[in-house]
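# quick one, fold the following:
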Amino acid sequence: MMTGAIPIFLMPTRNNFGIIGPIPKSEFAWESIQKKIAANPFITDKTAKPRVLTITQSTYDGILYNVEDIKEELDGKIDTLHFDEAWLPHAAFHDFYGDYHAIGADRPRCKESMIFATQSTHKLLAGLSQASQILVQDAENQKLDRDIFNEAYLMHTSTSPQYSIIASCDVAAAMMEEPGGTALVEESIAEALDFRRAMRKVDEEWGVDWWFKVWGPDDLSEEGIEERDAWMLKPGERWHGFNNLADGFNMLDPIKATIITPGLDVDGDFANEFGIPAAIVTKYLAEHGVIVEKCGLYSFFIMFTIGITKGRWNTLVTALQQFKDDYDKNQPLWKVLPEFVQKNPRYERVGLRDLCTQIHSVYKQNDVARLTTEMYLSDMVPAMRPADAFAKMAHREIERVAVDNLEGRITAVLLTPYPPGIPLLIPGERFNTTICSYLKFVREFNAAFPGFETDTHGLVKDSEGRYYVDCVR
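Residues are numbered from 1 along each chain as shown. Just a heads-up that it's a prediction; the model follows:
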């Protein structure tokens, strides 16, 4: 954006749990990309070669792409294929992941396109917080210009680096050398599968009573780490809830576990009997020493990184069982969420089940699962180049516009709802009816349930509780 780049977007799928799914294989077809280029009013040279394709590999919930298929389709048509592997640096160290990561041994190079993989070693390997790395694979006929790369890199890095962070990348790399690295990754996969089996066993023991589900394939063997094929996203299977899938193009990384709470099905239909919003479960878990990676409407996410043992995930299972017991007894919040109640005394005498019912009812009344799905899949209309819109903000040529008056206005800032933490609008795009409806829901929900606010980056709240977004004048 800062360089004046003009982005076009490949549209992902999304299910009604709020899980961002894969970009369909058809979106990577060169003919499809050319149509998007032709339709963008700010690209003057429609024949210019795109500079870079950037794709999240894996997604937040662990969905992977077959990289060799993408290389075969786009080699030579785009200068650089960049895979954001923030949550996938472990994949290169185990055969389980095959072609479903950017750069691997004994895999062919592209003829013309370079491959970049950016990885967060602090997330999945043994790096210190903020440790990350950039991997580059030269093409057969194109090599990295290290001087230009270094010039760009130095523009965005500190002149006072923390050398212990850099050293931790070397330590992490040394830890992953064979055979130790392979064993560590296999142990992570095994622990993740044991957790999934344990959750299903608890479900069987409860019988018809409610319990949490772990999102993933329906069939799991009783032991072992399974074959890769068991984790493929296959067209037509109900468990994932995604449409327009291609055979062999996507798989689920088993070390990423998304836990589904009762109250919403994959079709986006809310349960009439009861519902348990994930925000309440995750606050409960936090007060019991379990911190999750991210939280959705009726789902939350954990990762089985290197070092997660049975003792640690057993703590989660035990905490969930305790939550169920407290929910069924409708224990008062002052008893089960004392730290939360201390900050939000209005909930002191509210029962845990009662609070779940209240929030579930509001979600259901506003059909918020479908609203958020439609919001992310709605047409995003570019009205300005992102760099030009961002420059308006930098020069204060903006207006703070109330949520009720946003439709048709051009945002000068990134608008990023959490969950899922993915930008909804970038500078230069217009607000549409669906997005405005969601922001009005956020306003009403946050006023009704302080302490459970839906966080949206780019949404400004004043002292009187009114919400605004900075737009281009």
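# isn't Arg353 right up against Asn330?
Yes. With contact defined as Cβ atoms under 8 Å, Arg353 counts as touching Asn330 (4.1 Å). Placement of C-beta: from N, CA and C, glycine included.
# so between those two, which is more surrounded?
Each of Arg353 and Asn330 has its neighbours counted (other Cβ atoms under 10 Å); Arg353 has more, 17 against 14.
# can you give me the pLDDT of the more buried one?
Arg353 is assigned 97 on the pLDDT scale.
# pretty sure it is in a strand, no?
No. Counting by DSSP: H, G, I helix; E, B strand; the rest coil, Arg353 is not found in a strand; it is helix.
# quick check: it vs Ser26, distance?
Using Cβ to Cβ, to the nearest Å, Arg353 is found at 45 Å from Ser26.
# same question for Asp269.
Separation of Asp269 from Ser26 (Cβ to Cβ) stands at 28 Å.
# so where do the helices sit in the stretch 201-350 of the chain?
Secondary structure of the stretch 201-350 of the chain, counting by DSSP state H, counting those that start in this stretch: helices at 278-286, 310-328, 333-336, 338-343.
# other SSEs contacting the third one?
It refers to helix 333-336. For helix 333-336, the elements it packs on are helix 338-343, helix 352-365, judged by 3 or more Cβ pairs under 8 Å, 6 or more residues apart in numbering; DSSP states H and E.
# now it, how far from the centre of its chain.
31 Å (Cα atoms, centre = their mean, to the nearest Å).
# can I get it in CSV, CA atoms only?
Output of helix 333-336 as CSV, limited to C-alpha atoms (Å, rounded to 0.1, in the frame of the first residue of the first chain):
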residue,chain,number,x,y,z
LEU,A,333,-20.7,-15.2,37.9
TRP,A,334,-19.2,-13.8,41.1
LYS,A,335,-18.4,-17.4,41.9
VAL,A,336,-17.1,-18.7,38.6
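# what's the spacing between the residue minimising distance to the centre of the chain and Gly421?
Residue closest to the average C-alpha location in the chain (Cα atoms, centre = their mean): Tyr60, at 2.9 Å. For Tyr60, the distance to Gly421 equals 7 Å [Cβ to Cβ].
# mutual contacts of those two, please.
Lys294 (Cβ atoms under 8 Å, 6 or more residues apart in numbering).
# could you export the helices and strands packed on helix 333-336 as JSON lines, including distance to Leu124?
Listed next are those as JSON lines, based on distance: least, Cβ to Cβ, whole Å:
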{"stretch": "helix 338-343", "distance to Leu124": "30"}
{"stretch": "helix 352-365", "distance to Leu124": "32"}
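# so which of those is the most surrounded?
Highest mean neighbour count of the helices and strands packed on helix 333-336: helix 352-365, a mean of 18 (counted as mean count of other Cβ atoms under 10 Å).
# any idea of the angle that one forms with helix 278-286?
150 degrees (axes from the mean of the first three to the mean of the last three Cα atoms, to 10 degrees).
# and the next element down the chain from helix 352-365?
Stepping forward along the backbone from helix 352-365, the first helix or strand reached (DSSP states H and E) is helix 368-377.
# circling back to that earlier point, which one of the helices of the stretch 201-350 of the chain lies closest to Glu191?
Glu191 sits nearest to helix 310-328 of all those, at 6.5 Å, using Cβ to Cβ.
# understood, closing this out.
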